[in-house]
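Peer 1: can't give you the sequence, but here's the structure:
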């Protein structure tokens with residue numbers, strides 16, 4: 001099960017409440033917080049210049065390497081912030097999210113491109129499964145979403161099944177401390193915990209980058 005996300009999280013959203021999921025008072029407060037913002041205002045924040053300044057999307061794309069011809073799932077795609085950038089870099093992209101409104105927004109954005117200009121597929125996924133076919137993708141990107149996934153070891157075992165041989169999962173998330181962006185420290189996952197959980201999920205090679213981004217670590221795990 002994936003927890004409800006905060007204002008700066010890409011992707012997973014308050015539809016869990018609409019579907020009757022109850023995560024207790026702790027998450028109820030987050031849910032009430034989220035309900036004060038419309039999907040439109042969230043998209044505006046996700047796509048803001050303020051976010052660009054700390055997220056450094058162009059640098060992140062370069063960090064991921066040559067993406068031409070690769071198939072990538074962007075889990076928690078939200079507004080498509082990274083999905084469209086990945087597609088423009090030459091990847092075949094699955095923009096995965098649990099939220100119908102974000103999926104509709106991505107489909108609308110797709111209409112502004114000429115047929116065949118980019119290769120991007122919106123895909124609605126459930127909370128507890130990435131919905132990948134066996135060895136379907138070369139890479140899975142998870143930005144600002146890992147710390148809202150429950151049963152993470154089990155979830156990323158399923159992610160691994162969806163990766164081709166030598167495929168990679170890349171986790172970008174906030175440092176577990178007080179920051180001007182992201183959720184409160186109590187909701188964050190320390191990078192050491194991410195590495196531990198990915199190793200438990202069976203990834204033999206896990207490395208971390210703490211130099212590229214000011215507020216976020218990058219963990220790359222290879223199948």
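Peer 2: Structure received. Since the structure is predicted, the reported quantities are computational estimates derived from the model, not experimental observations.

Peer 1: Spit out the contact partners of the spatially closest residue to residue 136 that is not a sequence neighbour.
Peer 2: In space, and not counting its chain neighbours, residue 136 is closest to residue 162: 5.1 Å by Cβ to Cβ, 6 or more residues apart in numbering. Backbone N, C-alpha and C define where each C-beta goes, glycine included. Neighbouring residues of residue 162 by Cβ atoms under 8 Å, 6 or more residues apart in numbering: 73, 130, 132, 133, 134, 135, 136, 137, 140.

Peer 1: so the fifth one makes contact with residue 163?
Peer 2: No. Between residue 134 and residue 163 there is no contact, the gap being 9.5 Å when judged by Cβ atoms under 8 Å.

Peer 1: Give me the more crowded residue out of the two.
Peer 2: residue 163 (23 against 8; other Cβ atoms under 10 Å).

Peer 1: What's opposite that one in the beta bridge?
Peer 2: Applying DSSP bridges to residue 163 gives these bridge partners: residue 137.

Peer 1: Give me the pLDDT for it.
Peer 2: In this model, residue 163 is scored at 98, pLDDT.

Peer 1: Off-centre distance for the helix or strand hosting residue 167?
Peer 2: Assigning secondary structure by DSSP states H and E places residue 167 in strand 163-174. Computed by Cα atoms, centre = their mean, to the nearest Å, the separation of strand 163-174 from the middle of its chain amounts to 11 Å.

Peer 1: what's in contact with it?
Peer 2: Under the contact criterion Cβ under 8 Å, 6+ apart, strand 163-174 has outside partners 60, 64, 132, 135-147, 156, 159-160, 181-183, 188-189, 191, 194, 198, 203, 213, 215-223.

Peer 1: ok, of those residues, which come out buried?
Peer 2: By neighbour count, with 16 or more other Cβ atoms under 10 Å, the contacts of strand 163-174 hold 60, 64, 132, 136-147, 156, 159-160, 181-183, 188-189, 191, 194, 198, 203, 213, 216-221, 223 as buried.
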